[in-house]
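> Predicted model, plus sequence, below.
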Amino acid sequence: MLNFFDFKIWTKRSDLMHWLVNIAVAAFFSCYIYGIIIRLATGTCVTLLIALLFRNTSITLVFLLRRPSKLTSKNVGDWIAAIGGTFITYLYASQAKPIYPFIMPTAYVVMIVTALLSTICIINLGRSFGIVPANRGVKTELLYGIVRHPLYSLYTIYDLAVISLAFSSHNCYIAILHALFSYLRAKREENILIRDRTYEEYVSKTRYMFLLGVL
């Protein structure tokens, strides 16, 4: 009688965990995609919703296709920073009002542009994309040739636009925490990646982490 655990796909626990995590995270973002599609039916903020649809669809796809890591952090702090930085923005309160109504068009444009550029970064990372600090292959093309963590920079700029549209102390706290988590994620990711000679050479050529000429 054939034992279920004789199948090759189950021979390594790490392989099983890799695919279970991939499917679970992809399923979560699929729910978010569904929510965006429902909101599209209302006919409001269509361009922004389409940009967010592209971004979250790309996250879902790369998570299903991403490769196993060569090295993954086992540090609890790294995991907290990564998970917190990924999901804390879902705590934004949308009931708040803009700081000044006249900035609304500019804020929407910023959100659309940053969402689309984020999509480019995610597609560029491709099978190297992940949440927890790990080495799934070093990417140095496109925006990653300008700064080392363009995705986190874009998230922060997007957040600034969000709080300008929905200003409240609660949303400001969320934006600050997200920026802090993003900084910690970047530093902790580099602690893993710097062990790769390719990334070490990349750091020597790409000086800035987030903002060209500043940080």
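Noted; the coordinates are in hand.

> on contacts alone, who are the packing partners of the longest helix along the chain?
Ranked by number of residues, the top helix in the chain under DSSP state H is helix 13-40. Identification of packing neighbours for helix 13-40 by 3 or more CB pairs under 8 Å, 6 or more residues apart in numbering; DSSP states H and E yields helix 46-65. All C-beta atoms are positioned from the backbone trio N, CA, C, and that covers glycine.

> which element follows the helix it packs on toward the C-terminus?
Once the chain leaves helix 46-65, the next helix or strand it forms, by DSSP states H and E, is strand 71-72.

> just checking, what packs against the next helix or strand after that next one?
As assigned by DSSP H and E, the chain's next helix or strand after strand 71-72 is helix 76-87. Counting by 3+ CB pairs under 8 Å, 6+ apart, the packing neighbours recorded for helix 76-87 are helix 169-193.

> can you list the residues that contact the helix it packs on?
Residues outside helix 169-193 that contact it (CB atoms under 8 Å, 6 or more residues apart in numbering): 71-73, 75, 77-78, 81-82, 84-85, 88-89, 91-93, 96, 133-135, 138, 148-149, 152, 155-156, 159-160, 162-163, 199, 203, 209-210.

> Give me the buried subset of these.
72-73, 78, 81-82, 84-85, 88-89, 92, 96, 133-135, 148-149, 152, 155-156, 159, 162-163, 199, 209-210 (16 or more other CB atoms under 10 Å).

> List the buried residues for the longest helix of the chain?
Buried-residue list, helix 13-40, by 16+ other CB under 10 Å: H18, N22, V25, A26, F28, F29, S30, Y32, I33, I36, R39.

> if you average pLDDT over stretch 163-179, what comes out?
Mean pLDDT, stretch 163-179: 94.

> List the buried residues in that stretch.
Buried residues in stretch 163-179 (16+ other CB under 10 Å): I163, S164, L165, A166, N171, I174, A175, H178, A179.

> Equivalent analysis for stretch 39-47, please.
So, applying 16+ other CB under 10 Å, buried residues of stretch 39-47: R39.

> again with stretch 102-119
A107, V110, M111, I112, T114, A115, L116, L117, S118, T119.

> Please name whichever of those scores lowest on pLDDT.
A107 (93).

> Provide a list of residues in contact with H149.
H149 neighbours (CB under 8 Å, 6+ apart): S182, A186, E189, M209, F210.

> what's the farthest-apart pair in those?
Distance extremes for the contacts of H149: the farthest pair is E189 and F210 at 12.6 Å, using CB to CB.

> okay, the buried residues of stretch 163-179 in CSV with distance to R195 next?
Listed next are these as CSV, based on distance: CB to CB, whole Å:
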residue, distance to R195
I163, 37
S164, 40
L165, 41
A166, 41
N171, 38
I174, 33
A175, 32
H178, 27
A179, 26
